[in-house]
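1. Turn this into a structure:
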Amino acid sequence: MNTESSAGRRSGRRAGAAAGPNATAGDPHATAAGQPAADASTGDLPVFPGDLSAFAVQLRRMHGEVGRVIHQYAARRNLHATDVQALAAILDAPEPMTPSRLRAVLGLTSGAVTACIDRLERAGQVRRVREDADRRVVHLHYAADARAAARTHFRPLADALRRAGADFDADELTTALRFLTALNDALAQVSGESAGR
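-> Take a look at the predicted model:
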């Protein structure tokens, strides 16, 4: 059984990429494409073995395109942008969502989360359900009708994913998914304070 951690494998690949033929000799802040990093403060970070700027551009573009469809949905349903974020969090949660977990995911105060849940419940988007074993625990469920409406609205995004993925084989898509998962895990560690420095 291979006990090497995924972080260790990533570190090893980064080190190998940094020493590869595409690395720029003498510049510890250069990417594999030979481009300098954004600033010298990244000296303690691993080398990104690709075109960092091109990745950033495409990620911003993807964020904008998905955001456009999300804003259209919010406008059609008279929802706030935060309400749609809450719905996505409830949908994607690996276990039943509670108000306290939703507050942690969204980074909001208790009062703001309560107001958000109240709006969603009034709009028929979510249902509050008390747990049978402990009536103090409230679970948030995406209402079936609202989920069906969201599925219809966001189907073009799923269709676009299918069209884009058709040009890649299963191994390439596995690698792409692994990268996106690692990126999201890394982004989750970025606090507002550190991002503003």
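2. Leaving out the residues flanking it, which one is nearest to residue 93?
-> residue 101 (7.1 Å; CB to CB, 6 or more residues apart in numbering). In this view, the C-beta of every residue, glycine as well, is placed from N, C-alpha and C.
3. How much space separates that neighbour from residue 78?
-> As judged by CB to CB, to the nearest Å, residue 101 and residue 78 stand 25 Å apart.
4. The two: who's more crowded?
-> Taking neighbours as other CB atoms under 10 Å, residue 101 and residue 78 compare with residue 101 leading, 17 against 9.
5. Which helix or strand lies directly C-terminal to the strand or helix carrying that one?
-> Using DSSP states H and E, residue 101 maps to helix 99-106. Next helix or strand after helix 99-106 toward the C-terminus (DSSP H and E): helix 110-122.
6. for that next one, the distance to its chain's centre please.
-> 23 Å (CA atoms, centre = their mean, to the nearest Å).
7. Now do that helix, average pLDDT.
-> The average pLDDT for helix 110-122 rounds to 94.
8. so what secondary structure elements neighbour that helix?
-> Applying 3 or more CB pairs under 8 Å, 6 or more residues apart in numbering; DSSP states H and E, we find helix 110-122 packed against helix 81-92, helix 99-106, strand 126-130.
9. and the residue nearest to residue 93, how far is that from residue 54?
-> 36 Å.
10. Show me what counts as buried in the longest helix along the chain.
-> Counting residues, the longest helix in the chain under DSSP state H turns out to be helix 52-76. Buried residues in helix 52-76, counting neighbours by 16 or more other CB atoms under 10 Å, are found at 52, 70, 74.
11. how about the last one, what does it touch?
-> Applying CB atoms under 8 Å, 6 or more residues apart in numbering, one finds that residue 74 lies in contact with 80, 81, 83, 84.
12. Go ahead and confirm residue 77 touches residue 120.
-> No - between residue 77 and residue 120 there is no contact under CB atoms under 8 Å: 9.9 Å.
13. Who has more neighbours out of these two?
-> Using other CB under 10 Å as the criterion, residue 77 and residue 120 rank with residue 120 on top: 26 against 18.
14. measure the closest residue to the more buried one other than its chain neighbours to residue 183 for me?
-> Ranked by CB to CB, 6+ apart and with sequence neighbours excluded, the top spatial neighbour of residue 120 is residue 126, at 4.4 Å. Plainly put, residue 126 is 29 Å away from residue 183 if you go by CB to CB.
15. circling back to that earlier point, quick check on the contacts of residue 74: which are buried?
-> The buried subset of the contacts of residue 74 - by 16+ other CB under 10 Å - is 83, 84.
16. can you put the contacts of residue 74 in JSON lines and add pLDDT and distance to residue 148?
-> Conversion of those to JSON lines gives the following (pLDDT from 0 to 100; distance: CB to CB, whole Å):
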{"residue": "80", "pLDDT": "89", "distance to residue 148": "21"}
{"residue": "81", "pLDDT": "88", "distance to residue 148": "22"}
{"residue": "83", "pLDDT": "93", "distance to residue 148": "17"}
{"residue": "84", "pLDDT": "93", "distance to residue 148": "16"}
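17. Many thanks, I have nothing further to ask.
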